[in-house]
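Chemist: Next comes the sequence, and after it the predicted model I'd like to discuss.
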Amino acid sequence: MKGQHREVPTIRDAALYDVPQLALLDLICFPDHAFPAETIQRFIELGQPCVVAEGLASGGVIAFAMLMPEPEEGTGALMTIDVDPDHRCHGLGRELVRWCARYLRGMDEPMWLMWLTVATRNSGARTFYDRLGFVEVDLIAEYYRDDDAIVLVHRDLEGLEGNGPSLDLPTSPPK
């Protein structure tokens with residue numbers, strides 16, 4: 001049942017052994033647009049920022065975020081945030097977005113803009129990102145196999161970072 005669990009997860013960097021769980025969670029969250037396991041594996045192998053939340057009771061991955069900093073552009077692309085449906089509506093997605101903002105702001109050359117795409121029919125995600133201050137700036141026709149995509153941008157990452165995490169999330173990029 002959506003939102004039934006209220007445990008505080010353990011947050012850590014993703015590892016290669018997480019790939020099967022991440023691919024499965026991505027398939028659950030985005031059945032029509034999931035990343036293949038090979039893509040997630042390559043993302044981690046390349047050292048791209050990827051953070052997971054593990055449930056204490058289940059011992060499994062209950063959420064993860066993949067971020068792609070674009071230093072030459074001064075931006076970061078939020079590739080995906082996946083939260084297990086049983087663990088939604090308790091702030092975990094918001095905290096993962098804030099982790100991404102802190103990561104981008106903590107880089108040697110701090111970034112001020114984060115962007116992402118969302119399927120036009122994904123009204124839940126659009127509402128979620130709107131509440132966080134993201135603005136719809138563009139439409140990409142036929143971006144997904146079966147849907148258009150809205151491009152969302154957040155221009156105030158310092159404000160998005162919040163007044164400190166409510167969960168125990170890493171606050172700076174690895175050196």
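Modeler: That came in fine, so what should we check first? All values derive from a computational prediction rather than experimental measurement.
Chemist: Poorly predicted segments of the protein, please.
Modeler: Residues of the chain meeting the criterion pLDDT under 70: 1-7, 58, 161-175.
Chemist: For it, which segments are assigned as strands?
Modeler: Using DSSP state E, the strands found in the chain span residues 10-13, 50-54, 61-70, 75-83, 113-119, 135-144, 147-154.
Chemist: chain center to stretch 141-151, what's the gap?
Modeler: Put simply, stretch 141-151 sits 19 Å off its chain's centre (C-alpha atoms, centre = their mean, to the nearest Å).
Chemist: Identify the residues contacting that stretch?
Modeler: Residues outside stretch 141-151 that contact it (C-beta atoms under 8 Å, 6 or more residues apart in numbering): 32-33, 115-121, 126, 136-140. Heads up, the C-betas are built off the backbone N, CA and C, glycines and all.
Chemist: hmm, 10 Å instead?
Modeler: Applying C-beta atoms under 10 Å, 6 or more residues apart in numbering, the set of residues contacting stretch 141-151 from outside is 30, 32-33, 115-122, 125-126, 129, 134-140.
Chemist: Endpoints of it, how far apart?
Modeler: End-to-end span of stretch 141-151 (C-alpha to C-alpha, to the nearest Å): 11 Å.
Chemist: end-to-end on stretch 104-114?
Modeler: End to end - C-alpha to C-alpha - stretch 104-114 spans 8 Å.
Chemist: Please point out which parts of that stretch sit buried.
Modeler: The neighbour-count check on stretch 104-114 (16 or more other C-beta atoms under 10 Å) flags L104, R105, M111, M114 as buried.
Chemist: Go through the residues you listed and name the one nearest P71.
Modeler: Nearest to P71, judged by C-beta to C-beta, of the buried residues of stretch 104-114 is M111 at 7.5 Å.
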